[in-house]
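Enquirer: Here you go, sequence then predicted model.
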Amino acid sequence: MNTDFDLTNPPKSLELARNRILLLSIGRLILFFLMGIVLVVGIAETHWIVLTFIPLSILFVWLILQFNHQKDVEAFYLAVDEMAGVSQKRRERDLSELDSGSTFVDASHPFSSDLDLFGAHSLYQLINHTVSKGGSKKLAQWMRYALAPELAVKKQEALMELSKKGKFLVVFEALGKAFLKQEKSKDLFYQWLNGSVSWRNIYFLPMVIGPISGLVVLIGVLFGYIPATYLSLFILLGLGLLSMVFKPLMKAMKAMPNDSDLKTFQAWAGLLEKEDFDHPFLQAYQKPVKSHGFLASKALEQLESLTFLIQNRTNLMYLIFNVFFWTDFYVLYRLDKWKVRVGKSMKDWEDNFENWEALVSLAAFIQEEALSNPAQWSGEKELVMEEVKHPLIRPAECIANDFSLNAKEKVVLLTGSNMSGKTTFMRTVGINLVLAGMGIPPFARTFVCGPFQLYTSMRNTDSLEESVSSFYAELARIKGLLDLASEGKPIFYLLDEILKGTNTADRITGSEALIRQLAQSTSKGIISTHDIELSELENRLPSLVNYSFHHDIQQDEIVFDYTIKPGPCPNFNAQKLMELMGIKIK
């Protein structure tokens, strides 16, 4: 399939394709009736006219191919139009209609559930440009497992290069959206590829003799050289011979992937083969479509055409040619030859295309969000963020913050009134650490990070099914953190409103003990709390530092600036909120 699409004016290109489809439809209909007339007149009166049926059939097939091509072009530009609409929704952070990736939600994961990586209004919805199940799984895997700093740097460089190839990104995604509609499991296909070859050398005889003898018999009968009864005998002989290859062709027909899948793979391969990449990371992912001694696009194009023939063996045109020229032998020969030469590469290609779906998603995300400030990795256990923002908040409404944690500071105690922005800020820090670990430039003007492993305890809920309270669930998360910290791993933790499920006295006592334990470990992170008493620990623990979010009350209205500030919070707003809700506090 040709992948050289014009993206300067997609609506105009779509209209042009539809006009061509209309003309080809009319031409195909006229030719079909003409072929019928040729058959009737040729058989009933002037026999030699039947010979024109063959070139007319070839022309008819050509018109079908042209019609299908224009339908593909139409589908492509419709996909481009759909993508433009989705892109606008992403810019407005209207993600409700996009795939939420809820199947990838894992409450036991170190951080994904707390940071809205998957589910409603999630990072997955903002990033995901994949079109296949395998591609979405690959993307989810990359989101859940951070790269080592040296690999993250290389991937970031590669993604920055790929994000500048705007046309490539659009065409790659649009091809998938246009054709990869209903995926069919390829397990049966891979079993067929690993099976024995169905071709036998004796089949060469009918494959060669069939077309020659069929043409001789047909001409002989039409011009009276051969009695018509011989034509019936020839057809019966052909059906007997064709039964020899009926079973293997039926088995192949059931195993073949959807033609839409093959069309997508072939187009993706052709697109990748033509593109020039500078970064070794991208070149390594491009290599599989070129490194088997043949181009993947050509091999997949051959399989697509063979699949078309196999799946249309009951078509009237094919039946006519098959009866007279024993076409099945030729199809089986080409199919088994393809299996022997190309079959072992097919799984590699599919896996590689899934990688490219994920790569295109990340690069398109970088392009759409205009992310241009790469993350910088430090050998020290430090974290520096300037003008850091949360990617899921509308850009016009998002407040940027500056934050830093040097190598000597281990625990940030974050205090602040209700709804002041503590939890959102912690998620901002966490989700940008996730982006950096994926090789994506964070939403920050400056982002310097040490080699941390992220761990969170923010959204702990009770479970009736497992008879687990939210407090116990939180303790289980904290135990997981302590176990990792005791192993000396460089953990960066985010703990939101710790031990909130117990009474005040126990909460403060337990929180202080936990803070001291974490301060003695190699880990570091942020702990939010409403217990202002804990802020006094800064005087006793040199590695603890206080930060806070403030509010202001103006004419019975609580006003927030959502800006983080050094030091503990000077006041809280719980009583005022209750009063505003009608609770009278004396």
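Expert: Received it, and whenever you're ready, just let me know what you need.

Enquirer: gap between stretch 157-168 and the chain center?
Expert: 16 Å (C-alpha atoms, centre = their mean, to the nearest Å).

Enquirer: Then stretch 119-129?
Expert: The answer for stretch 119-129 is 11 Å, by C-alpha atoms, centre = their mean.

Enquirer: ok, how many other residues are close to residue 44?
Expert: Counted with other C-beta atoms under 10 Å, residues neighbouring residue 44 total 9. Every C-beta, even on glycine, is put in place using the N, C-alpha and C of the backbone.

Enquirer: Pull up the per-residue confidence for it.
Expert: Among the per-residue scores, residue 44 holds a pLDDT of 71.

Enquirer: ok, now which ones touch it?
Expert: Contacts for residue 44 (C-beta atoms under 8 Å, 6 or more residues apart in numbering) come out as none.

Enquirer: measure it to residue 53 for me?
Expert: Using C-beta to C-beta, to the nearest Å, residue 44 is found at 14 Å from residue 53.

Enquirer: Check which residues of the longest helix seen in the chain are buried.
Expert: Counting by DSSP state H, the longest helix found in the chain is helix 53-91. Within helix 53-91, the residues scored as buried using 16 or more other C-beta atoms under 10 Å are 53, 56-57, 60, 63, 66-67, 69-80, 83, 86, 90.

Enquirer: so how far is that helix from its chain's centroid?
Expert: 23 Å.

Enquirer: Need the mean per-residue confidence for it.
Expert: 91.

Enquirer: Am I right that residue 309 is in contact with residue 318?
Expert: Yes. The pair residue 309 / residue 318 is scored as a contact, 7.2 Å apart, by C-beta atoms under 8 Å.

Enquirer: what do the two both touch?
Expert: Between them, residue 309 and residue 318 share the contacting residues residue 327, judged by C-beta under 8 Å, 6+ apart.

Enquirer: just to revisit the earlier point, tell me what the helix or strand that the longest helix of the chain is followed by is packed against?
Expert: Helices and strands here follow DSSP states H and E; after helix 53-91, the next one along the chain is helix 123-127. In this structure, helix 123-127 packs against helix 133-144, helix 346-368, with contacts taken as 3 or more C-beta pairs under 8 Å, 6 or more residues apart in numbering; DSSP states H and E.

Enquirer: Backbone dihedrals for the residue nearest the centre of the chain, please?
Expert: Compute the mean C-alpha point of the chain, and by C-alpha atoms, centre = their mean the closest residue is residue 130, 2.3 Å away. Backbone torsions of residue 130, given as degrees, to the nearest 10, read phi -70, psi 160.

Enquirer: so who does it touch?
Expert: Contacts of residue 130 by C-beta under 8 Å, 6+ apart are 136, 138-139, 176, 357-358, 360-361.

Enquirer: Quick check: buried residues in the helix or strand where residue 211 lies?
Expert: Residue 211 is part of helix 204-222, with elements assigned from DSSP H and E. For helix 204-222, a neighbour-count test (16+ other C-beta under 10 Å) marks 206-207, 210-211, 213-214, 217-218, 220-222 as buried.

Enquirer: could you pull out the strands for the stretch 451-586 of the chain?
Expert: Assigned by DSSP state E, counting those that start in this stretch, the strands in the stretch 451-586 of the chain fall at 453-457, 491-495, 524-529, 544-549, 551-553, 558-560, 565-566.

Enquirer: Count the neighbours of the nearest residue to residue 133 once chain neighbours are set aside for me.
Expert: Leaving aside its sequence neighbours, residue 133 sits nearest to residue 183 (C-beta to C-beta, 6 or more residues apart in numbering; 6.1 Å). Using other C-beta under 10 Å, residue 183 has 15 other residues around it.

Enquirer: Same question for the one 4 residues further on.
Expert: The local packing of residue 187 (other C-beta under 10 Å) involves 9 other residues.

Enquirer: Could you do residue 483 as well?
Expert: 10.

Enquirer: Just want to know which of residue 309 and residue 318 has more residues nearby.
Expert: Shown here are residue 309 and residue 318; by other C-beta under 10 Å, residue 309 has more neighbours (19 against 16).

Enquirer: Helix or strand: which one has the more buried one?
Expert: Secondary structure from DSSP H and E places residue 309 in helix 296-311.

Enquirer: in that helix, what counts as buried?
Expert: For helix 296-311, the neighbour count (16+ other C-beta under 10 Å) marks 296-297, 299-304, 306-310 as buried.

Enquirer: Out of the strands of the stretch 451-586 of the chain, flag the one nearest residue 280.
Expert: strand 453-457 (26.7 Å; C-beta to C-beta).

Enquirer: Export that closest one to CSV, keeping only CA atoms.
Expert: What follows is strand 453-457, C-alpha atoms only, in CSV (Å, rounded to 0.1, in the frame of the first residue of the first chain):
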residue,chain,number,x,y,z
GLN,A,453,12.5,4.1,42.6
LEU,A,454,9.0,5.6,43.1
TYR,A,455,6.7,4.3,45.8
THR,A,456,3.4,5.8,46.9
SER,A,457,0.7,5.4,49.6
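
Enquirer: Output the contacting helices and strands for that strand.
Expert: Partner elements for strand 453-457 (3+ C-beta pairs under 8 Å, 6+ apart): helix 422-438, helix 470-486, strand 491-495.

Enquirer: Try it again at 6 Å.
Expert: helix 470-486, strand 491-495 (3 or more C-beta pairs under 6 Å, 6 or more residues apart in numbering; DSSP states H and E).

Enquirer: from the buried residues of helix 204-222, which is closest to residue 433?
Expert: Nearest to residue 433 among the buried residues of helix 204-222, with distances taken as C-beta to C-beta, is residue 207, at 62.6 Å.

Enquirer: Now do that closest one against residue 326, distance only.
Expert: Taken as C-beta to C-beta, the span from residue 207 to residue 326 is 7 Å.

Enquirer: now residue 45
Expert: Counting by C-beta to C-beta, the gap from residue 45 to residue 326 is 29 Å.

Enquirer: What residues does residue 383 make contact with?
Expert: For residue 383, the contact set (C-beta atoms under 6 Å, 6 or more residues apart in numbering) comprises 405, 449.
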